[in-house]
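A structural model of the following input is requested.
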Amino acid sequence: QVQLVESGGGLVQAGGSLRLSCTASGSTFSNYAMGWFRQAPGKEREFVCGINWSSSNTYYVDSVKGRFTISRDNAKNTVYLQMNSLNSVDTAVYYCAAASRIDWYIGVRPHEYGHWGQGTQVTVSS
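Residues are numbered from 1 along each chain as shown. Model (predicted):
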């Protein structure tokens, strides 16, 4: 059973950057595809981006393409989300999630991930 802990959230001005980290423990990190989701107040949790177990495949929702970058370091059991050119619509609680699979596939629906972190708040001020 993998446990996930996010960090790196905070308050940033529009146009600024943040890097989120999600560190895993309790299981072999490289056996998991990883995803980042976010949930704004009053809205459903939405997929942001994902990366497969080997970093050979990544996928981004259109609204963050060119601004966000997901990466992982399997030696450090950590997945990262570099967020640039942030704007107010990016304000949300950000969650990392793990799916036990070692192939090319990246799920975009929450039910495809069996393990979740507690979330970290990202607030972008305009």
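
Leu81 reaches Val48, doesn't it?
Yes - the pair Leu81 / Val48 is scored as a contact, 7.3 Å apart, by Cβ atoms under 8 Å. C-beta coordinates here come from the backbone N, C-alpha and C atoms, glycine included.

any shared contact partners between the two?
By Cβ atoms under 8 Å, 6 or more residues apart in numbering, Leu81 and Val48 have these common neighbours: 36, 68, 94.

need the contact list for the second one.
Contacts here follow Cβ under 8 Å, 6+ apart; on that basis Phe68 touches 48-49, 60, 81-84.

of those, grab the buried ones for PyMOL.
To isolate the buried members of the contacts of Phe68 in PyMOL, using 16 or more other Cβ atoms under 10 Å:
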select buried, resi 48+49+60+81+83
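
related to what we said a few turns ago, closest to Ser27 among the shared contacts of Leu81 and Val48?
Distance to Ser27 across these (Cβ to Cβ) is lowest for Trp36, with 18.8 Å.

which residue ranges of the chain form strands?
3-7, 10-13, 18-25, 32-39, 46-51, 58-60, 68-73, 78-83, 92-100, 115-116, 120-125 (DSSP state E).

with distance to Gly107 added, can I get the ones you listed in CSV?
Listed next are the strands of the chain as CSV, based on distance: least, Cβ to Cβ, whole Å:
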stretch, distance to Gly107
strand 3-7, 15
strand 10-13, 28
strand 18-25, 16
strand 32-39, 7
strand 46-51, 7
strand 58-60, 9
strand 68-73, 14
strand 78-83, 14
strand 92-100, 6
strand 115-116, 12
strand 120-125, 21
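
could I get those strands as a markdown table with mean pLDDT and distance to Arg109?
Below are the strands of the chain laid out as a markdown table (pLDDT from 0 to 100; distance: least, Cβ to Cβ, whole Å):
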| stretch | mean pLDDT | distance to Arg109 |
| --- | --- | --- |
| strand 3-7 | 97 | 18 |
| strand 10-13 | 98 | 28 |
| strand 18-25 | 98 | 19 |
| strand 32-39 | 98 | 10 |
| strand 46-51 | 98 | 7 |
| strand 58-60 | 98 | 12 |
| strand 68-73 | 98 | 17 |
| strand 78-83 | 98 | 18 |
| strand 92-100 | 98 | 10 |
| strand 115-116 | 98 | 13 |
| strand 120-125 | 98 | 21 |
